[in-house]
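*Asks:* Just to be clear, the model below is a prediction. Sequence and coordinates:
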Amino acid sequence: VGVWHARLEDVYKQSYVQLTHSQPVGDWVLGANLGYVNGKEEGAAKAGKLDNKVYQGALTAKTGNNSFTVAYQRLSGDTKFMRIDGASGGTLVNDGFTNSYDNPEERSWQVRHDYNFAGLGIPGLTLMNRYVSGSNIHTGGRTDAEEWGRESELAYTIQEGTLKNLSVRWRNSNVRRDVGTDLHENRLIINYPLSIL
């Protein structure tokens, strides 16, 4: 169980309650991540009147080298999910590489598959694919806008030798929208942890 509260002085305040659980069942491990976020203006309300609630849940099933996820996220209120412009995602179950499906009144669902190639004798190599669909978006004068996205990530982490723990990730994202700009993006991310202490 997790409970958080945040405040951006004179702009907004936000509270978050989360419940997570995992349970082995035979050869499977089943998991759940349920959450509720409530946000509104704070103090001098320099960003105006704000009102946003999020109800969300993700269910996972892992067996062997495969992991399957389904998620649902529902926003309500007059404004989109509150975050500082430019801040990365991670709080919402449908946060992705290029989109968070966090518009006013948006309802979105996700299906995801992760595979760890260690089972084929290639430790450190992983693949993730997901599809997210959002509908009922209230923006741009519409109350029925839709969007969808497809994302893939192929990642490899070197397991031994001089470059041990160096990781290389290739991410591909496609987002299509009724309102707003479509996106197509490829990212190459190289990460090497350094211990300087």
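*Replies:* Sure, I can see it. Numbers count the residues shown, from 1 in each chain.
*Asks:* Phi first, then psi, for residue 119.
*Replies:* With angles defined as degrees, to the nearest 10, residue 119 shows backbone torsions of phi -70, psi -20.
*Asks:* Quick check: closest non-adjacent residue to it.
*Replies:* Using CB to CB, 6 or more residues apart in numbering and skipping the chain neighbours, the partner closest in space to residue 119 is residue 65 (3.7 Å). Backbone N, C-alpha and C define where each C-beta goes, glycine included.
*Asks:* so where do the helices sit in the protein?
*Replies:* Applying DSSP state H to the chain gives no helices.
*Asks:* Surely residue 138 is in contact with residue 107?
*Replies:* No. Under the criterion of CB atoms under 8 Å, residue 138 lies out of contact with residue 107, with a separation of 10.9 Å.
*Asks:* and the residue nearest to residue 119, what does it touch?
*Replies:* Applying CB atoms under 8 Å, 6 or more residues apart in numbering to residue 65 gives the contacts 115-120.
*Asks:* Rank those by pLDDT and give me only the lowest.
*Replies:* pLDDT is lowest at residue 119 among the contacts of residue 65; the value there is 90.
*Asks:* so that residue makes contact with residue 64?
*Replies:* Yes. In this structure, residue 119 is within contact of residue 64 by CB under 8 Å, at 6.1 Å.
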